[in-house]
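sequence and predicted structure below; questions after.
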Amino acid sequence: MLEHLNAEPVKPARVVIIGAGGFVGGAIRRKLDSAGVTVLALTRKELDLLSDGAEGRLAQMLQPTDSVAMVSAVAPVKTVPMLMQNLRMGDAVCAALAGKPVSHLVYISSDAVYADDANPVTEASYCAPSTLHGMMHAARELMLKSATTAPVAMLRPTLIYGAADPHNGYGPNRFRRQAEKGEPITIFGEGEERRDHVLVDDVATLALLMLEHRSRGALNAVTGVSTSFRDVAHMVARQYGKGATVARIPRPGPRPHLLHRFFDITDCLKAFPGFRLTGLAQGLEIARRGI
């Protein structure tokens, strides 16, 4: 569970967002802007973490009173070269933080760091990633914690969806795009796998709350409700009217070994008792309207 070093929310002096041009980083930037927080937004244009000397350029930008939100990643990680790219990016940030202390660090990680058999998943569940994507985030968590003496908070979202998602991954984002094009919404097999899905705006809100409270520790960004892909597809179809249909297609491979994943959200409720994450039906409507 998180520990809050600020019992009451305090606006950070400045938040440096590394990866502000991405889907999640952009949402965090908008949330901080709306809250009146001073932001230094670093996109790849301002800071390419894979370029020579990136750590030095980042160190020159940092101030001791800064809070840092580290979001930048080449994701999802599907190959070993992609894994190594991400570790190089993390290494550049670690080198900058080691040479230029800051006030606070929030890292946007992933629930992929947890063992597959952790059901229900809590913040205390064993970290034993079974994918390259999970391994990347688990490694970067350790790297960042070892690189700085500042308090570090890990935000671990489950499957993120939202209007501006660039990945078109299987689930709400792809289903919505298929419906918008008038295509059948396709699910693999019976679509029986059950997953939690979190709206990107909620991930951004949790990041803001962690920054304001100068939190340290880990927190899962999840709703606590897991829904089958079949049900998600039909929810999207209903939103788009009678012309939207759901079609089953053969799986491209064997059924996933992780069939269902459930979360216990007790720690999130304790950490931020005044905040409730958006339910899937409402979140899908927000994504459909492009809010």
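Yep, it's here.

tell me where this structure has helices.
All helices of the chain, identified by DSSP state H, fall at 23-34, 54-61, 80-99, 132-147, 172-180, 200-212, 229-239, 266-271, 280-288.

those helices into JSON lines, with extra columns for mean pLDDT, distance to residue 124 and mean neighbour count?
In short, each C-beta sits where N, CA and C put it, glycine included. Listed next are the helices of the chain as JSON lines, based on pLDDT from 0 to 100; distance: least, Cβ to Cβ, whole Å; neighbours: other Cβ atoms under 10 Å:
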{"stretch": "helix 23-34", "mean pLDDT": "97", "distance to residue 124": "24", "mean neighbour count": "21"}
{"stretch": "helix 54-61", "mean pLDDT": "97", "distance to residue 124": "33", "mean neighbour count": "16"}
{"stretch": "helix 80-99", "mean pLDDT": "97", "distance to residue 124": "24", "mean neighbour count": "18"}
{"stretch": "helix 132-147", "mean pLDDT": "97", "distance to residue 124": "15", "mean neighbour count": "19"}
{"stretch": "helix 172-180", "mean pLDDT": "93", "distance to residue 124": "28", "mean neighbour count": "21"}
{"stretch": "helix 200-212", "mean pLDDT": "98", "distance to residue 124": "18", "mean neighbour count": "24"}
{"stretch": "helix 229-239", "mean pLDDT": "95", "distance to residue 124": "28", "mean neighbour count": "20"}
{"stretch": "helix 266-271", "mean pLDDT": "96", "distance to residue 124": "8", "mean neighbour count": "16"}
{"stretch": "helix 280-288", "mean pLDDT": "93", "distance to residue 124": "25", "mean neighbour count": "17"}
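
off-centre distance for stretch 155-173?
9 Å (Cα atoms, centre = their mean, to the nearest Å).

so how far is residue 89 from the nearest residue to residue 99 once chain neighbours are set aside?
Nearest residue to residue 99, sequence neighbours excluded (Cβ to Cβ, 6 or more residues apart in numbering): residue 59, at 5.0 Å. To residue 89, residue 59 is 15 Å away according to Cβ to Cβ, to the nearest Å.

give me the pLDDT for residue 168.
On pLDDT, residue 168 comes in at 83.

which residue packs closest to it, ignoring adjacent ones?
residue 174 (5.1 Å).

next: residue 162.
Nearest to residue 162 is residue 200, by Cβ to Cβ, 6+ apart, at 3.5 Å.

was I right to think the one you found contacts residue 160?
Yes: the pair residue 200 / residue 160 is scored as a contact, 5.3 Å apart, by Cβ atoms under 8 Å.

shared neighbours, the two?
23, 24 (Cβ atoms under 8 Å, 6 or more residues apart in numbering).

and residue 7, how many neighbours?
Burial measure for residue 7: 8 neighbouring residues, criterion other Cβ atoms under 10 Å.

do the same with residue 158
The burial count for residue 158: 21, using other Cβ under 10 Å.

could you verify my assumption that it touches residue 268?
No: using Cβ under 8 Å, residue 158 and residue 268 do not qualify as a contacting pair, with a distance of 11.8 Å.

and for the two, which residues touch both?
Common neighbours of residue 158 and residue 268 (Cβ under 8 Å, 6+ apart) are 220, 221, 222.

so which of the residues you listed is the most crowded?
Going by other Cβ under 10 Å, residue 221 tops those with 28 neighbours.

my guess is it contacts residue 199, does it?
No: with contact defined as Cβ under 8 Å, residue 221 does not reach residue 199; the gap is 9.5 Å.
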